[in-house]
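[1] I need the structure of the sequence given here:
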Amino acid sequence: MTKQHANWSPYDNNGGTCVAIAGSDYCVIAADTRMSTGYSILSRDYSKIHKLADRAVLSSSGFQADVKALQKVLKSRHLIYQHQHNKQMSWLDEEGKGCVFTYDAVGSYERVGYGAQGSGSTLIMPFLDNQLKSPSPLLLPKQDSNTPLSEAEAVDLVKTVFASATERDIYTGDKLEIMILKADGIKTELMDLRKD
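    Numbers count the residues shown, from 1 in each chain. Predicted coordinates for the structure are as follows:
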């Protein structure tokens with residue numbers, strides 16, 4: 001007779017997918033609104049996009065307790081930055097180009113032209129790589145990482161990749177929340193995705 005041990009863990013992957021694309025004068029940030037655990041859907045209307053300030057947005061998926069803790073830390077660090085430098089951090093760089101940074105669980109980050117995180121990222125990233133052909137970070141001199149797409153083309157691409165991922169990933173779905181960030185402000189769009 002073998003002993004069985006309980007496999008309880010306080011951590012859970014709540015699923016979901018986030019995508020960001022940086023353009024010449026914009027950023028498109030998108031995420032689905034489904035939050036789940038295992039085969040259960042906890043919420044069909046949970047936003048994974050968090051506005052840190054007027055000019056800074058964070059999109060995260062995975063274990064929602066960690067996401068909330070990260071949001072609190074970054075919001076406070078952004079406030080400290082604002083007080084020390086007398087200006088806000090922004091999604092546009094000093095040349096007015098869109099900025100997208102990806103990060104991982106250990107805190108490493110990198111500026112990229114586009115990125116995807118979450119349960120559907122393995123389905124979305126090959127498609128984005130094929131369509132956007134990002135330059136290698138090893139090329140010298142350094143290449144511009146921003147995508148050559150217009151704002152409308154980037155939004156259409158985001159809608160297409162999410163529609164495709166929703167067909168194959170049970171943790172991605174319900175609604176797609178899209179934020180288009182430009183120098184003159186933020187525009188939000190919603191699109192219905194599969195609900196099964």
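[2] drop to CA atoms for contacts and neighbour counts, all remaining ones
    Noted.
[3] which SS class is residue 84?
    helix (DSSP: H, G, I helix; E, B strand; the rest coil).
[4] Tell me the pLDDT of it.
    For residue 84, the pLDDT comes out at 90.
[5] measure it to residue 8 for me?
    If you measure residue 84 against residue 8 using CA to CA, to the nearest Å, the figure is 44 Å.
[6] ok, how many other residues are close to residue 77?
    Per other CA atoms under 10 Å, the neighbour tally for residue 77 reads 13.
[7] Assumed it was part of a helix.
    Yes - counting by three-state DSSP, one finds residue 77 located in a helix.
[8] State the pLDDT value of it.
    Predicted confidence (pLDDT) for residue 77: 88.
[9] quick one: low-confidence parts of the chain?
    Residues of the chain that meet the criterion pLDDT under 70 lie in 1-3, 90-91, 134-144.
[10] Strands of that one, residue ranges please.
    17-22, 26-32, 35-37, 40-43, 49-53, 56-59, 100-103, 109-112, 114-118, 175-182, 185-192 (DSSP state E).
[11] Need the ones you listed in JSON lines (columns: distance to residue 93).
    Output for those, formatted as JSON lines (distance: least, CA to CA, whole Å):
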{"stretch": "strand 17-22", "distance to residue 93": "11"}
{"stretch": "strand 26-32", "distance to residue 93": "10"}
{"stretch": "strand 35-37", "distance to residue 93": "32"}
{"stretch": "strand 40-43", "distance to residue 93": "35"}
{"stretch": "strand 49-53", "distance to residue 93": "16"}
{"stretch": "strand 56-59", "distance to residue 93": "12"}
{"stretch": "strand 100-103", "distance to residue 93": "10"}
{"stretch": "strand 109-112", "distance to residue 93": "11"}
{"stretch": "strand 114-118", "distance to residue 93": "15"}
{"stretch": "strand 175-182", "distance to residue 93": "11"}
{"stretch": "strand 185-192", "distance to residue 93": "15"}
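[12] Of all those strands, which one is nearest residue 79?
    For the strands of the chain, proximity to residue 79 was assessed by CA to CA; strand 49-53 is nearest, at 8.6 Å.
[13] ok, and for the closest one, which residues are buried?
    Within strand 49-53, the residues scored as buried using 16 or more other CA atoms under 10 Å are 49, 52.
[14] and if you look at stretch 54-63?
    Quick answer for stretch 54-63 (16+ other CA under 10 Å): 55-63.
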